[in-house]
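K.L.:
next input, structure requested:
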Amino acid sequence: MSTPLVSISCLTYKHEEYIRDCLEGFLSQKTTFPFEVLIHDDASPDATPQIIKEYAEKYPDIIKPILRETNLYSVPGHRCINLVNLERAQGKYVAICEGDDFWCDPYKLQKQFDLLESHQDYTLCGCGLYYLNHLHKSYSPQGFPPEEWPLPQDIACKRIFFDNHPFHMLAAFFRMDSLRTVEDNLQRDVMNAPMGDMQLFYHLATQGKVAFIRERMVTYRQHASSFSCYDNAEKAKRYMQRWYETHIRMANNINHPEWGKEYWKQVETKINAPSNMKISHFVRQKMTVLKRFLRGDYSNFRKYLALSPAERVRMFCKTE
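P.N.:
Take a look at the predicted model:
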């Protein structure tokens, strides 16, 4: 097999219900170049490792797993697992998708590859997505940002730091040499953080322009075990506390302590919001779920469950 031009990093943990969709999304990619799938399973106690082995045996030139016996994420002071995974990457470019999400456009990699190949001053490219919510039994398309990217570099970096941007890890596509350039700073800022999306996007944005393709090519899954699941109030509180601390620490590291102060003011405003505003926000959330149900998302979600992994991936290609 030729040396892959794109390395896909996939992290898995307790994803036995979802990993087949993810792997089928990778295998459905139609490209003019070879790619590899680097899977890192962090000692899943369920059937995730067995499913990965099944696919690795069938596609040994593409799927290259690491199946840990001890969970790395739970170790204090753990390194960024994506960086651990990418130490063995051979590609000129990197794409990322965790094992409970999946890609639903067979030309996702090719479109992002072509964009960065033709724009040497771009370091990172994102795209739109669908939300597949197992808690509310619905799915919906993400809205697109009101402005066209790339933005001026200083504005893009600040938007990313304050999480005011349209990028998601499963949609990210970036240059390996840019990652190598910022790797030390990224490792410093992601240490013990609950997630590393913001840190990765920020440091890549310091190296060049950031593009966004206004097409929905990936599907983000929300379920009871997701980092983004806030149905458990105590879990959400711990997660957000670590996320706030991550921002404050990183602001000092990148010589923008004023960003940390501004970010904390925004946090305090949310925490101290009047009860009626919090209730209003809760009602808006529930109304959104009701609208999705009335719009037919529930029946489409039921249809999704009845399909095979490959059919599920194709289903989202046609969804608007």
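
K.L.:
where does this protein have its least confident helix or strand?
P.N.:
helix 275-294 (a mean of 57; mean pLDDT, DSSP states H and E).

K.L.:
next secondary structure after it?
P.N.:
The helix or strand immediately downstream of helix 275-294 is helix 297-306, counting by DSSP states H and E.

K.L.:
list the buried ones in that following helix?
P.N.:
297-298, 300-301, 304 (16 or more other Cβ atoms under 10 Å). In this view, the C-beta of every residue, glycine as well, is placed from N, C-alpha and C.

K.L.:
contact partners of that helix?
P.N.:
132-133, 137-140, 292, 312, 315, 319 (Cβ atoms under 8 Å, 6 or more residues apart in numbering).

K.L.:
who are the contact partners of the residue nearest to the spatial centre of the chain?
P.N.:
With distances taken as Cα atoms, centre = their mean, Met169 lies nearest the centre of the chain, 2.4 Å away. Counting by Cβ under 8 Å, 6+ apart, Met169 touches 96-98, 195, 197, 200.

K.L.:
now, which of those lie within helices?
P.N.:
Among the contacts of Met169, DSSP state H puts 197, 200 in helices.

K.L.:
sorry, back to before: and the residue nearest to the centre of the chain, what's its pLDDT?
P.N.:
What the model reports as pLDDT for Met169 is 94.

K.L.:
then the one 10 residues further on?
P.N.:
pLDDT for Leu179: 95.

K.L.:
between the contacts of Met169, which is closest to Tyr55?
P.N.:
Cys97 (14.2 Å; Cβ to Cβ).

K.L.:
for the closest one, which residues are in contact?
P.N.:
Applying Cβ under 8 Å, 6+ apart, the residues near Cys97 are 8-10, 22, 25-26, 103, 169-170, 218.

K.L.:
for it, phi and psi?
P.N.:
phi -160, psi 120 (degrees, to the nearest 10).

K.L.:
and the pLDDT at it?
P.N.:
So, for Cys97, pLDDT stands at 96.
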